[in-house]
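In: structure here, sequence nowhere to be found:
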């Protein structure tokens with residue numbers, strides 16, 4: 001009855017051709033802030049960048065409705081010719097497997113996972129646009145002030161070796177733990193055992209990794225960039241800093257270390273905030289959109 005496309009190349013083109021052939025409505029979701037990724041292209045050519053952006057707008061103009069996890073993605077597409085009905089819709093969040101635990105359970109998990117009294121967490125792809133080096137440099141400023149501090153990362157990516165070298169060069173290699181990929185249960189426990197989640201990426205349209213931290217009632221610090229600023233309500237469920245501001249990040253981490261009651265309040269705010277994005281609620285929202293797409297398609 002409906003084809004829902006999540007990409008504009010590859011299988012996205014298959015979706016476009018299939019919708020035309022089967023004469024059913026095409027609904028789209030755009031997850032990608034294209035200008036953030038074209039800057040990493042090996043070919044630096046503004047004409048090519050513009051052509052890609054216009055292609056993305058052309059593609060999603062073939063849909064009867066388009067969503068994105070945050071408004072910025074849609075605004076960027078509109079600047080390059082996108083005109084279809086659209087609005088931001090969050091990705092659904094698994095709040096059944098990511099949930100807060102009592103202090104006693106947290107201490108038990110810290111012992112099980114060999115985590116320190118104050119553990120910072122980042123989960124996700126380890127790539128250049130994530131700017132994880134900002135966190136590591138902030139760590140270097142904090143180690144003399146917080147002897148028990150450590151930084152845990154999960155995931156893999158092209159920047160992993162460079163980050164390990166940076167940590168070693170700064171003399172804090174033993175404070176950084178790269179976990180790689182983890183099974184869901186262990187990942188959930190790592191969230192529950194951590195004291196703070198930090199994300200300094202400038203390319204996020206939402207960050208489900210960050211939302212899992214909120215679901216676990218772990219306070220978050222993020223940068224005022226793209227979708228992060230749409231989901232972090234400053235001083236309500238986390239703190240926002242400017243991209244690349246190492247000193248500000250170190251100060252916020254220090255503040256939360258020294259004021260655990262503030263961190264607990266932010267964590268509870270995060271849990272309350274993400275409960276509007278459960279699988280059931282987002283599913284209901286999409287069912288209404290699909291039904292309306294069928295009606296609108298039938299009018300043409």
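Out: Thanks, I have the structure now. Predicted model only: the values in this text are computed from it and were never measured.
In: tell me which helix or strand in the chain has the weakest average pLDDT.
Out: None of the helices or strands of the chain scores lower by mean pLDDT, DSSP states H and E than helix 34-38, at a mean of 65.
In: contacts for the next helix or strand after that helix, please.
Out: Using DSSP states H and E, the helix or strand that follows helix 34-38 in sequence is helix 46-60. For helix 46-60, contacts defined as Cβ atoms under 8 Å, 6 or more residues apart in numbering pick out 8, 12, 16, 28, 30, 32, 34-35, 38, 41, 66, 76-82, 84. For every residue, glycine as well, the C-beta is placed using N, CA and C.
In: which SSE is residue 27 in?
Out: If you go by DSSP H and E, residue 27 is part of strand 26-29.
In: can you tell me which helices and strands that strand packs against?
Out: strand 3-5, helix 11-22, strand 65-68, helix 279-298 (3 or more Cβ pairs under 8 Å, 6 or more residues apart in numbering; DSSP states H and E).
In: pick the most buried one from those.
Out: strand 65-68 (a mean of 24; mean count of other Cβ atoms under 10 Å).
In: give me the sheet partners of it and which way each runs.
Out: Strand pairing for strand 65-68, determined by DSSP bridges: strand 26-29 (parallel), strand 86-88 (parallel).
In: so which residues make contact with it?
Out: With contact meaning Cβ under 8 Å, 6+ apart, strand 65-68 is reached by 27-31, 60, 74, 77, 82, 84-89, 205, 289, 292-293, 296.
In: if we use 6 Å, what do you get?
Out: 27-30, 60, 74, 84-86, 88-89, 289, 293 (Cβ atoms under 6 Å, 6 or more residues apart in numbering).
In: try stretch 121-128
Out: Contact with stretch 121-128 is made by 152, 153, 154, 155, 157, 158, 159, 160, 194, 197, 198, 209, as judged by Cβ under 6 Å, 6+ apart.
In: what do you get for stretch 1-9?
Out: 12, 15, 18-19, 24-29, 56, 59, 290, 293-294.
In: circling back to that earlier point, can you add distance to residue 146 and mean pLDDT and give the helices and strands packed on strand 26-29 back as JSON lines?
Out: Listed next are those as JSON lines, based on distance: least, Cβ to Cβ, whole Å; pLDDT from 0 to 100:
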{"stretch": "strand 3-5", "distance to residue 146": "46", "mean pLDDT": "98"}
{"stretch": "helix 11-22", "distance to residue 146": "46", "mean pLDDT": "97"}
{"stretch": "strand 65-68", "distance to residue 146": "38", "mean pLDDT": "97"}
{"stretch": "helix 279-298", "distance to residue 146": "37", "mean pLDDT": "96"}
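In: now residue 204, what's its secondary structure?
Out: Put simply, residue 204 is coil when judged by DSSP: H, G, I helix; E, B strand; the rest coil.
In: for it, which residues are in contact?
Out: The neighbours of residue 204, taking Cβ under 6 Å, 6+ apart as the test, are 226, 227, 228.
In: what strand or helix carries residue 229?
Out: Per DSSP H and E: residue 229 is located in helix 228-231.
In: skip ahead from that helix and say which helix or strand is next.
Out: Going down the chain from helix 228-231, the next helix or strand is strand 238-241, by DSSP H and E.
In: quick one: that next one to chain centroid distance?
Out: Chain-centre distance of strand 238-241: 14 Å, with Cα atoms, centre = their mean, to the nearest Å.
In: could you do stretch 126-133 as well?
Out: Remark: stretch 126-133 is offset 12 Å from the chain centroid, using Cα atoms, centre = their mean.
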